[in-house]
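Asker: Fold the stuff below for me.
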Amino acid sequence: MKLLHKVLGIGTLGLIVALPLISPVQASFPQVKEMIAQVSPKPVIKLNLAAAKKSVVVTAGEQPVVKWENLEDGVVVNPGDILRYTVSSANPGKTAAKDFSITQPIPEKMVYELNTATSKNQAEVAFSIDNGKTYVAKPTITVKTEDGKTIEQPAPAETYTHIRWKFGSLAPATDIAAMYEVKVQ
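Answerer: Next comes the predicted model:
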């Protein structure tokens, strides 16, 4: 009987010692599940780029009316034509896209039409004149005057290489649009 007591005593002691070791693991397991459940899926953002060609039609009352004709693949444009690019985006997911921005390069053989970058959702607009390395609201260039002085002046349209719209957060089930115009060279 003493042997059984010793075995029972050791077994009971082993159970008492083992319970504190098991207990923290069991207690932390629901927390891990909860953390995994709290990890939200990344937002799914869809982008669409469309282009339209500007035409001015004179009405019967001799009033010019601007019309935009959507361009399809393979359409021919001529030097001097004005095109409007529209980048639209939607967040069909259930999670907000934080720090959402759209960056659009100015296409080759086209020149940005100054002051035409707008957005449907009040985005902060910035421009690059160094192939997307830096962005500012009003790009400037340094020029030397005839008398040798160096001055800053607004960058000419030909130097613009990219446009960026910062929207901040794009909430679920929200859509945005950003537009700009270029002249074909």
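Asker: Give me the distance between the two termini of stretch 168-181.
Answerer: Start to finish, the residues bounding stretch 168-181 are 23 Å apart (Cα to Cα, to the nearest Å).
Asker: what does the helix or strand where K166 lies rub up against?
Answerer: Element membership of K166 [criterion: DSSP states H and E] is strand 162-170. Residues outside strand 162-170 that contact it (Cβ atoms under 8 Å, 6 or more residues apart in numbering): 43, 45, 89, 91, 96-106, 112, 117, 119, 121, 123-128, 131-132, 135, 176, 178, 180. Using the backbone N, CA and C atoms, a C-beta is placed for each residue, glycine as well.
Asker: Check which residues of that strand are buried.
Answerer: Of all the residues in strand 162-170, those buried under the rule 16 or more other Cβ atoms under 10 Å are H162, I163, R164, W165, F167, L170.
Asker: Now which of the contacts of strand 162-170 would you call buried?
Answerer: Buried among those by 16+ other Cβ under 10 Å: 43, 89, 91, 97, 100-102, 104, 106, 112, 117, 119, 123, 125-128, 135, 176, 178, 180.
Asker: out of the residues you listed, which are inside strands?
Answerer: Those of the buried ones among the contacts of strand 162-170 mapping onto strands are 89, 91, 97, 100-102, 104, 112, 119, 125-128, 176, 178, 180, per DSSP state E.
Asker: What is the nearest of those residues to E158?
Answerer: Y112 (8.3 Å; Cβ to Cβ).
Asker: next SSE after the lowest-mean-pLDDT helix or strand in the chain?
Answerer: The weakest-scoring helix or strand in the chain, judged by mean pLDDT, DSSP states H and E, is helix 2-38 (a mean of 37). Moving toward the C-terminus from helix 2-38, the first helix or strand encountered (DSSP H and E) is strand 46-58.
Asker: which other helices and strands contact the helix or strand just after that following strand?
Answerer: Following strand 46-58 in sequence order, the next helix or strand is strand 64-70 (DSSP H and E). In terms of contacts (3 or more Cβ pairs under 8 Å, 6 or more residues apart in numbering; DSSP states H and E), strand 64-70 is packed against strand 46-58.
Asker: mind giving me the domain split of this protein?
Answerer: With automatic domain parsing as the criterion, the domains of the chain are listed as 1-39, 46-184.
Asker: For the longest one, measure first residue to last.
Answerer: Spelled out, that is domain 46-184. Across its full length, domain 46-184 reaches 28 Å between end residues, using Cα to Cα.
Asker: how far out from the middle of the chain is it?
Answerer: Offset of domain 46-184 from its chain centre (Cα atoms, centre = their mean, to the nearest Å): 14 Å.
Asker: for the record, mean pLDDT for that domain?
Answerer: Domain 46-184 shows a mean pLDDT of 93.
Asker: K42 touches T95, doesn't it?
Answerer: Yes. Counting by Cβ atoms under 8 Å, K42 does reach T95; the two are 6.9 Å apart.
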